[in-house]
Each structure stands twice: as C-alpha cells, then as structure tokens.
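A.B. asks: A structural model of the following input is requested.
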Amino acid sequence: MTGSILTPNAYLRSDGRKGIRNIVSIVYLVECAHHVAREIQLPFREQGVHLLGFSGCYPNEYSFRMMRSLCTHPIVGAVLLVSLGCEGFNRRGLLEAIRVNCLIPAEVITPLYERWLDQAPDPAAAREQLKKTIPLERRTTTVQEIADTVAFLASPKSSHTTGQLVYVDGGYVHLDSACTQDTSHLKSS
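C.D. replies: Presented below is the predicted three-dimensional model:
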C-alpha cells in the first residue's frame, strides 16, 4: 500500500484486480465513547473520515456482523474502534478477517471533559488532582495524541500490529494506583 492513510491507496485484490481503499472510519463500540470518537474524527472531518457507532453496549450478533462487514468491505482502508474497556469485544472474531486494534484512551481533555471539570467546586484543584493520577509527565492526554496514534495504527507503518489493546493514557490504567498510593508506611526506619 502506498500514500498517506487519508488518500486513496491502490492495492491488489485477491482476485488480481486493482482496487482502492480510501475509506477511513472511526467506530465507537459503546455510546459512552461517542464523544471521544467524535473528537478523534474532528481533525480529519474535511478529509472524509467517517464516524459510526452503536447505541448501547457492544457486542451483540447484529453489531458483530456489521463490524465484520464494515471492516472487510473492499473500499475500507482503515477502521479505528474506540472502546472504553467496559464492553465485551470479540477481537478473535475480527482478527480472522482483518488487522484490528483497539485504542483505549483514559483522561483525554475534550470540550465535554472541560465542562465537567468546570462544574467542580474548585476546577483548578480538580484538574491538578486529575494530573496527579497520570504517571507520565503528570498531565492528561491530548486529542492530538489520540489522533496521532490512530494515524499510526491505520498506516502501513503498523502493518503487522493486530489484536492489540492500545492504551494512550500516560500510564493511567496500568500505573496510577502504584504511582499515586501513599507508601510512606512501607519505608523502613
């Protein structure tokens, strides 16, 4: 495959004919991830990146059939599945047909998140407390960092990456409790 992820890429179909895979879609697997998926799509909206999703929680038989059809359609070049990690997801079922990775953001500052933080009794303190839970650089993830990860996962540079849960969260999911717990009681005297 040649070209950027958002321009038509010629490829050879299994029957020998040449085709174009120029559709990129961002799909939220649970309604709660809709806003995050929309924020990821926004920088690419003018380039025709599609936003799709399912109300309720994935999986069900209908949504699985739709995901398989969407992800294997001849004109689809890349699909980003946005998950919050709370829903069940049959990666093995899609792995047999496509290269599939699941991006799991944690604390991404979006306009909706900003409005939520602004409702705290002390918004500045709420922001600082949030940052303390993120081990890497004590800051939240940016929408651009999510978009950059999406671009990498959809590009030929990650052509042998599949079946992965990709956490873009500064270590929040894996390290927050280990790095933020009060361990003073463990110090030897």
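A.B. asks: and stretch 146-162, how far out from the chain's middle?
C.D. replies: 11 Å (C-alpha atoms, centre = their mean, to the nearest Å).
A.B. asks: residues of it that come out buried?
C.D. replies: Ile146, Ala147, Thr149, Val150, Ala151, Leu153, Ala154, Ser155, Ser158 (16 or more other C-beta atoms under 10 Å). Glycine gets a C-beta too; all of them are placed from N, C-alpha and C.
A.B. asks: Report the contact partners of Leu130.
C.D. replies: Glu107, Leu117, Thr140 (C-beta atoms under 8 Å, 6 or more residues apart in numbering).
A.B. asks: Kindly provide the distance from it to Tyr172.
C.D. replies: 10 Å (C-beta to C-beta, to the nearest Å).
A.B. asks: list residues touching both of those two?
C.D. replies: What both Leu130 and Tyr172 touch, as defined by C-beta under 8 Å, 6+ apart, is the set Glu107.
A.B. asks: lowest-pLDDT helix or strand in the protein?
C.D. replies: strand 10-12 (a mean of 55; mean pLDDT, DSSP states H and E).
A.B. asks: Just the strands from this structure, written as ranges.
C.D. replies: Along the chain, counting by DSSP state E, strands occupy 10-12, 18-20, 23-28, 50-53, 76-82, 101-105, 164-168.
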